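> Next come a sequence and a model predicted from it.
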Amino acid sequence: MIDDVAPLFTRADGAYVFARWGRPIVPVVFGVDEASLAVFKGAIEAVVTLANHQMAETDPELGANLMIFFCQDWDELPEVPHLDALVPDLIPLVRKLKAADANQYRIFRFDEAGAIRACFVFLRMDEHMAAVAADTLALSQAVQSILLWSDTAFDAQPPLALIDGNAVLRPEVADVVRAAYDPVMPAAAQDASHALRLAARLGMIRHG
């Protein structure tokens with residue numbers, strides 16, 4: 001089981017880095033219609049409930065701390081008011097995203113204890129992204145924002161599966177989320193021994 005868990009939080013450079021949210025999540029979504037907004041908020045609430053974490057109406061520090069931005073072109077991001085204050089290296093980031101022809105990017109911010117305090121999600125609606133159903137896209141982004149996963153965690157297999165045409169969270173991924181938010185687990189870790197503890201909690205979830 002340790003072989004299943006450790007790669008989810010082991011980055012491409014070999015570093016083990018884990019973090020979960022240390023405060024209630026307050027989402028806001030920019031650039032979508034009301035119907036899509038409701039789908040995203042519903043997906044986030046479902047994943048937060050799965051984690052046995054909390055949501056709130058406002059964050060005392062940022063107002064909202066999970067910010068999702070939709071755009072048609074990366075050049076739109078520098079035009080978003082005050083975004084450069086939240087993302088100081090915004091212009092170099094836009095150049096990087098354009099050069100990579102990326103269609104999504106996430107930035108996490110952390111508190112003094114290493115727990116997640118904010119997450120900024122940027123989605124460019126290219127033809128591939130536009131072909132994804134709103135509920136699938138929303139659930140995928142919600143689960144990828146609930147933990148600091150490795151940058152390679154879902155390269156081999158995405159976090160979602162299709163059952164009867166509906167996108168659902170893969171059971172093994174859902175179990176990891178639940179185990180990661182167990183109150184006995186730390187909010188952040190940078191030692192691979194954390195994966196051993198996480199695997200033990202997973203065993204209790206699956207057999208308890």
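Sure, I can see it. Residues are numbered from 1 along each chain as shown.

> Shouldn't residue 32 be within a strand?
No - the assignment for residue 32 (DSSP: H, G, I helix; E, B strand; the rest coil) gives coil, which keeps it out of a strand.

> Not counting its neighbours along the chain, what's nearest it?
In space, and not counting its chain neighbours, residue 32 is closest to residue 70: 5.5 Å by Cβ to Cβ, 6 or more residues apart in numbering. Just so you know, the C-beta spots here come from the backbone N, C-alpha and C atoms, and that holds for glycine as well.

> Please, which helix or strand holds the one you found?
Per DSSP states H and E: residue 70 is located in strand 66-71.

> can you count the residues close to residue 101?
Neighbouring residues of residue 101 were enumerated by other Cβ atoms under 10 Å; the total is 9.

> Would you mind measuring the gap between the ends of stretch 114-133?
End-to-end distance for stretch 114-133, by Cα to Cα, to the nearest Å: 34 Å.

> Check which residues of it are buried.
Buried positions in stretch 114-133, judged by neighbour count with 16 or more other Cβ atoms under 10 Å: 114-125.

> now swap in stretch 158-165 and tell me
Result for stretch 158-165 [16+ other Cβ under 10 Å]: buried residues 158-160.

> Now tell me what touches that stretch from outside.
Residues outside stretch 158-165 that contact it (Cβ atoms under 8 Å, 6 or more residues apart in numbering): 136, 139-140, 143-144, 167-170, 173.

> Pick out the one among these with the largest number of neighbours.
That'd be residue 143 among those, by other Cβ under 10 Å, with 26 neighbours.

> element containing that residue, please.
Residue 143 belongs to helix 134-146, assigned by DSSP H and E.

> Run through this structure and note the low-pLDDT ranges.
For the chain, the stretches flagged by pLDDT under 70 are 1-3, 208.

> The spatially most central residue of it and residue 177, how far apart?
Residue closest to the average C-alpha location in the chain (Cα atoms, centre = their mean): residue 145, at 1.2 Å. Distance of residue 145 to residue 177, computed by Cβ to Cβ, to the nearest Å: 11 Å.

> Next, the angle helix 134-146 makes with the longest strand seen in the chain.
Secondary structure assigned by DSSP state E gives strand 116-124 as the longest strand of the chain. Orientation of strand 116-124 against helix 134-146 (axes from the mean of the first three to the mean of the last three Cα atoms, to 10 degrees) gives an angle of 140 degrees.
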